[in-house]
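Peer 1: Sequence plus the predicted model coming up.
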Amino acid sequence: MSYAKEPLDAQRSLERLQRLCVRQEKCLSDVRRKLSLWGVGKEDAAKVEQLLLAAKFVDEARYAAAFVREKSRLSRWGALKIRAALQAKRLPAAVVAEALAQLDGEQAAQNLLADLQRKAKTIRATSPQELRAKLIRFGVSRGYGYEQVVRTATLAMEMGQP
């Protein structure tokens, strides 16, 4: 037996979203997804979006900057993966570019080297070529550029040998 939930009105959805936005940064696509999930009508949804934007509960540039900081520092993603995730959130290209400009390239290179060294210790490979290929796949899957991963994987392998 299923119980159909009654759609939220504009005021209740606005209050819920304000509480969500105070706890965690949200972008417009997150807000739209929530409003759709809650069954809010298109006119009410547009009104709620405008109120959230006007009151600065939702700010796409602030969201993108926080996303880039979190994913680069905590998740240790590369710029390519971060860009793809932000584009999937339908953020404007200018906002994405501005947020990615805040990335520290030197810190990203150090993160990649440390991650590849750590990964090299756990990989079972029968030859150095197989180990190198697996490290490259791992680095590229983390969102780093192919050329950078190839250089860093070679360096990680050289540093790991006695």
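Peer 2: That came through fine.
Peer 1: separation between the spatially closest residue to Lys26 that is not a sequence neighbour and Glu98?
Peer 2: Among residues not flanking Lys26 along the chain, Val58 sits closest, at 5.8 Å (CB to CB, 6 or more residues apart in numbering). Every residue, glycine included, has its C-beta placed from N, CA and C. Per CB to CB, to the nearest Å, Val58 is found 17 Å from Glu98.
Peer 1: neighbour count winner among the two?
Peer 2: For Val58 versus Glu98, the count of surrounding residues by other CB atoms under 10 Å is larger for Val58: 22 against 14.
Peer 1: which residues touch the more buried one?
Peer 2: By CB atoms under 8 Å, 6 or more residues apart in numbering, the residues touching Val58 are Cys21, Lys26, Cys27, Leu28, Val31, Glu49, Leu52.
Peer 1: could those residues be laid out in a markdown table, adding secondary structure and neighbour count?
Peer 2: Formatted as a markdown table, those follow (DSSP: H, G, I helix; E, B strand; the rest coil; neighbours: other CB atoms under 10 Å):
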| residue | secondary structure | neighbour count |
| --- | --- | --- |
| Cys21 | helix | 19 |
| Lys26 | coil | 21 |
| Cys27 | coil | 22 |
| Leu28 | helix | 17 |
| Val31 | helix | 21 |
| Glu49 | helix | 17 |
| Leu52 | helix | 20 |
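Peer 1: Sounds good, over and out.
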